[in-house]
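Visitor: turn this into a model:
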Amino acid sequence: MTLGMIWTIILRFAIQDISVDEMTAKDGLLLWCQRKTAPYKNVNVQNFHTNWKDGLAFCALIHRHRPDLLDYSKLSKANPLANLNLAFDIAEKYLDIPRMLDAEDMVDMVRPDEHSIMTYVSCFYHAFQGQNQAESAANRVSKALAGRQGNDDLENEYDRLASDLLGWIQRTTPWLENRVTDNTLPGARKKLDEFRTYRTQHKPPRVGQKGQLETAFNTLQTKLRLNNRPPYMPKEGRMVSDIANAWKNLDNAERGFEDWLLSEMMRLERLDRLAQKFKRKADIHEEWSKGKDELLSRNDYRNATLSEVKALKRKHGAFESDLAVHQERVEQLAAIAEELNKLGYHDSPAINSRCQRICSSWDRLGVLTTQRRQGIDEVEKILERVDTLHLDFAKRVTPFNNWLDGAREDLVDMFIVHSIEATQGLINDHEQFKSTLIEADKEYRLLVGIFQEVQRFAQQHNIPGALENPYSSSSAQEITNKWNEVRQLVPRRDQALQQEMMRQQQNERIRRTFAEKANVVGPWIEKQLDIVSSIGMGVHKSLEEALKKLIACRTAVEAFRPHIDELEQYRQAEQEAIILENKYTKYSMETLRVGWEQLLTSINRNINEVENQILTRDSKGITSEQLNEFRLSFNHFDKNRSGRLTPEEFKACLLSLGHNVRNDKQGESQFLKIMSSVDPNMSGYVKFDSFLDYLTRQAAGTDSADSLIESFRVLAQDRPFITPEDLRRELPPDQAEYCIRKMQPYRLPGAPPNALDYASFAGTLYQF
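Guide: Here you go, the predicted structure:
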């Protein structure tokens, strides 16, 4: 009972007044011992009994505060008795601490008395109480430096993310702005595949990275404001506004790229078809003109009979008629070649070369035709006989033959249509053509009848060469072959047109499928944007309720993503079918993509703002009623519901809340200073979190540079400078080295060479 009373008295007057980090006396004393002995080898203080038996803990306490009294490096854990006696002797002789413990008892006891050791250790605490003030100062410095180091890490992370995102944007934007292909259809299709890969694989992760970057920047600025630190200013060219402008340039470059590429593919496809049409017409013309030079250069009419000359003359007249008909085909070839040149066809040199050969050959045919006509006219004066039957055949066969050539060409001609109506027009034209076949069949039978009559006449009168028609190079067999070919091509044309109609009907179904889905997705995105905006700008019972609603919106949006992916598949089907317009919906895939990205960005931005408001509320002790009052005032002056105030609106809002902003030069200067604190980036507007932070800072006190300078002065033992040894002794190693790197040298007379200026360093941490 007596011992208990003695311990109570000791606890009341020697130990109870010990306070470390607001702990109880015992825990505080133990924490003090742990901090002081932490740097020493073979010392691990976890209690007040067994951890003190080897005497090293007592020696460490003495060496930490009075390194001049003993050399700790010479002590050994294997000599506990010597260590204890050394510590007890030094404490009694130099620190005025009576010898309360016996070294032999400490060594022999399995568990030394805890109360005795606590009482003896408390004497060390009181003896070194003056130096404990330095420890408190070191703790304050450590706390300030820990916040600064954490902010440095956040700044480095922001800089890394900004550099990576800007680098990707700078590499991608020129590619999207390059509206040039290799002028071939395969090259354009390859570029379209690359653009699809960019839209589906490369850009979506960068959208998330952009949101992460904005969140990191806002969180860093909030932490800096809450810790009364200056706002973070990114490196030039890496501001949030710079990234937003770069992203906007990327979107502008991307906008219309897909439509341009599809239009380019249509142009190249049209060029290929025009080139095929040119080749087909050129083949027909070259086949027709083959041998014409030799025929026109012959002088066979000079040794012919009168009938033969007449026949040659009429044949030549028929040829001239045919030549006039082919004049139009040559002009068509020249027009097609010119159009291919204007549209930049990749193989234009070959087209031009062939067109030039055809035109030159055509000019030679014209000259030879004129010369032959003149020669026949000279002989015609003595040639009078005429074979009217052959002439009649020639007159009829030439237009019919030309009609057959035109019909064959039209029946195999390729068509380019993009709608059911255009396809139906081609079908109607083909039906109208088929209605003319009855008259054509009559003309064919009449020509065959004329030829059969010539055969009978030749047999009857035994006329040599009578079957040779001197007025036409076309024979009944040739006409028969062409007529049979036309009759075979008609059903093929029917089949091709029906297949094209089926393709256009399929395109129509694709348009309707996309429109049905887009007309659901578009209004849903618009509605979600309105919901997110109303949550972000509204007044709530609690910020947690608003955060919960926003997270629910984000969950709903993530669950809705399969609809966007489904629309992408429909859009891909439209692209593969080269469908450019859709009259069934006002929403394009591009507008839906932009709306979707805006929705994701708006949700993440509002979640970040609410989280920052919660952080501000918890750190500043603001009630929900105060937050709602601030929100109502902010919304009242935010007329256009943009989520931000202009300087004029912000000033009016402050006046409505009772802040005295004078309307003179001094008041204007004061207001500009306020604007620099709420808008450090000089964006020209004030967001709600900056508005809230300013109001809370006006209502609560904060730490300052003066308090930090006073803490450094304690560590420096009232000197105007501090040395690296002082910092390494009183601060954790990483913070001590951080201070040594950041502090400027102290250059006033009387200071040692390694002296550091702690006053200017503290000022930089709190400078605005």
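Visitor: and the pLDDT for the most centrally placed residue in the chain?
Guide: Central residue of the chain (C-alpha atoms, centre = their mean): K203, 3.8 Å from the mean position. You'll see K203 listed with a pLDDT of 77.
Visitor: so where does it fall, helix or strand?
Guide: Here K203, judged by DSSP states H and E, is contained in helix 203-226.
Visitor: centre of the chain to that helix, how far?
Guide: On the basis of C-alpha atoms, centre = their mean, to the nearest Å, helix 203-226 sits 16 Å off its chain's mean C-alpha point.
Visitor: the chain should start at 328 in everything you say after this.
Guide: With the count now opening at 328, the last piece we talked about shows up as helix 530-553.
Visitor: could you list every helix and strand in contact with the helix or strand just after that helix?
Guide: Of the helices and strands lying after helix 530-553 in sequence (DSSP H and E), the nearest is helix 567-581. Using 3 or more C-beta pairs under 8 Å, 6 or more residues apart in numbering; DSSP states H and E, the elements in contact with helix 567-581 are helix 456-504, helix 530-553. C-betas here are computed from N, CA, C, even on glycine.
Visitor: so for helix 567-581, what gets flagged as buried?
Guide: V567, I570, A573, W574, L577, D578, A580, E581 (16 or more other C-beta atoms under 10 Å).
Visitor: what mean pLDDT does stretch 991-1001 have?
Guide: In the prediction, stretch 991-1001 has an average pLDDT of 75.
Visitor: can you give me the strands for the stretch 978-1095 of the chain?
Guide: Ranges of strands in the stretch 978-1095 of the chain, per DSSP state E, counting those that start in this stretch, are 1013-1014, 1071-1072, 1083-1084.
Visitor: now the ones you listed as CSV including mean pLDDT and distance to N554?
Guide: Shown next, in CSV, are the strands of the stretch 978-1095 of the chain (pLDDT from 0 to 100; distance: least, C-beta to C-beta, whole Å):
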stretch, mean pLDDT, distance to N554
strand 1013-1014, 76, 19
strand 1071-1072, 92, 22
strand 1083-1084, 92, 22
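Visitor: let's have those strands in a markdown table, adding mean neighbour count and distance to L870.
Guide: Shown next, in a markdown table, are the strands of the stretch 978-1095 of the chain (neighbours: other C-beta atoms under 10 Å; distance: least, C-beta to C-beta, whole Å):
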| stretch | mean neighbour count | distance to L870 |
| --- | --- | --- |
| strand 1013-1014 | 21 | 16 |
| strand 1071-1072 | 12 | 43 |
| strand 1083-1084 | 20 | 43 |
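Visitor: between these, which one is closest to S687.
Guide: strand 1013-1014 (76.0 Å; C-beta to C-beta).
Visitor: same for the closest one, what does it pack against?
Guide: Using 3+ C-beta pairs under 8 Å, 6+ apart, strand 1013-1014 sits against strand 971-972.
Visitor: by contact count, what packs against the strand it packs on?
Guide: strand 1013-1014.
Visitor: strand partners of the strand it packs on, parallel vs antiparallel please.
Guide: strand 971-972 (antiparallel) (DSSP bridges).
Visitor: ok now the strand it pairs with, how far from the chain's centre?
Guide: 28 Å.
Visitor: next one: stretch 429-440
Guide: 72 Å.
Visitor: any chance you could list what contacts it?
Guide: Applying C-beta atoms under 8 Å, 6 or more residues apart in numbering, the contact partners of stretch 429-440 are H376, T377, W379, K380, G382, P407, L408, L411, N412, F415, L428.
Visitor: in the helix holding K530, which residues are buried?
Guide: In helix 530-553, counting by 16+ other C-beta under 10 Å, buried: 530, 533, 537-538, 540-553.
Visitor: after the helix or strand bottoming out on mean pLDDT in the chain comes which helix or strand?
Guide: The helix or strand of the chain with the poorest confidence is helix 329-337; it has a mean of 48 (mean pLDDT, DSSP states H and E). Sequence-wise, the next helix or strand downstream of helix 329-337 (DSSP H and E) is helix 352-364.
Visitor: elements contacting that following helix?
Guide: So helix 352-364, by 3+ C-beta pairs under 8 Å, 6+ apart, packs with helix 383-392, helix 441-454, helix 456-504.
Visitor: quick one, the shortest one and helix 441-454 angle?
Guide: Read that as helix 383-392. Using axes from the mean of the first three to the mean of the last three C-alpha atoms, to 10 degrees, the direction of helix 383-392 lies 10 degrees away from that of helix 441-454.
Visitor: list only those of the contacts of stretch 429-440 flagged as buried.
Guide: Going by neighbour count (16+ other C-beta under 10 Å), the contacts of stretch 429-440 have H376, W379, K380, G382, P407, L411, N412, F415, L428 buried.
Visitor: report the buried residues of the helix or strand hosting D649.
Guide: Using DSSP H and E, D649 sits within helix 633-669. By 16+ other C-beta under 10 Å, the buried positions in helix 633-669 come out as 634-646, 648-650, 652-653, 656-657, 660-661, 663-664, 667.
Visitor: just give me the longest helix of the protein.
Guide: Longest helix of the chain, by residue count under DSSP state H: helix 803-864.
Visitor: and it, how far out from the chain middle?
Guide: Centre to centre, stretch against its chain (C-alpha atoms, centre = their mean), the figure for helix 803-864 is 31 Å.
Visitor: list the contacts for L493?
Guide: G564, R565, D569, I570, A573.
Visitor: counting neighbours, what do you get for the second one?
Guide: Right, R565. Residues lying near R565 (other C-beta atoms under 10 Å) number 18.
Visitor: same check, this time on the first one
Guide: Neighbourhood size, G564 [other C-beta under 10 Å]: 11.
Visitor: between helix 803-864 and the helix or strand hosting Q751, find me the angle.
Guide: Per DSSP H and E, Q751 falls inside helix 747-762. Helix 747-762 and helix 803-864 are oriented at 170 degrees to each other (the same axes, to 10 degrees).
Visitor: now helix 747-762 - C-alpha only, PDB.
Guide: Output of helix 747-762 as PDB, limited to C-alpha atoms (Å, rounded to 0.1, in the frame of the first residue of the first chain):
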ATOM      1  CA  ILE A 747     -33.500   3.200-104.800                       C
ATOM      2  CA  GLU A 748     -35.000   6.000-106.900                       C
ATOM      3  CA  ALA A 749     -32.000   6.300-109.100                       C
ATOM      4  CA  THR A 750     -31.900   2.500-109.600                       C
ATOM      5  CA  GLN A 751     -35.600   2.500-110.400                       C
ATOM      6  CA  GLY A 752     -34.900   5.100-113.100                       C
ATOM      7  CA  LEU A 753     -32.300   2.900-114.700                       C
ATOM      8  CA  ILE A 754     -34.800   0.000-114.600                       C
ATOM      9  CA  ASN A 755     -37.500   2.200-116.300                       C
ATOM     10  CA  ASP A 756     -35.000   3.300-118.900                       C
ATOM     11  CA  HIS A 757     -34.100  -0.400-119.600                       C
ATOM     12  CA  GLU A 758     -37.800  -1.300-119.900                       C
ATOM     13  CA  GLN A 759     -38.300   1.500-122.400                       C
ATOM     14  CA  PHE A 760     -35.300   0.200-124.400                       C
ATOM     15  CA  LYS A 761     -36.800  -3.300-124.400                       C
ATOM     16  CA  SER A 762     -40.000  -1.800-125.900                       C
END
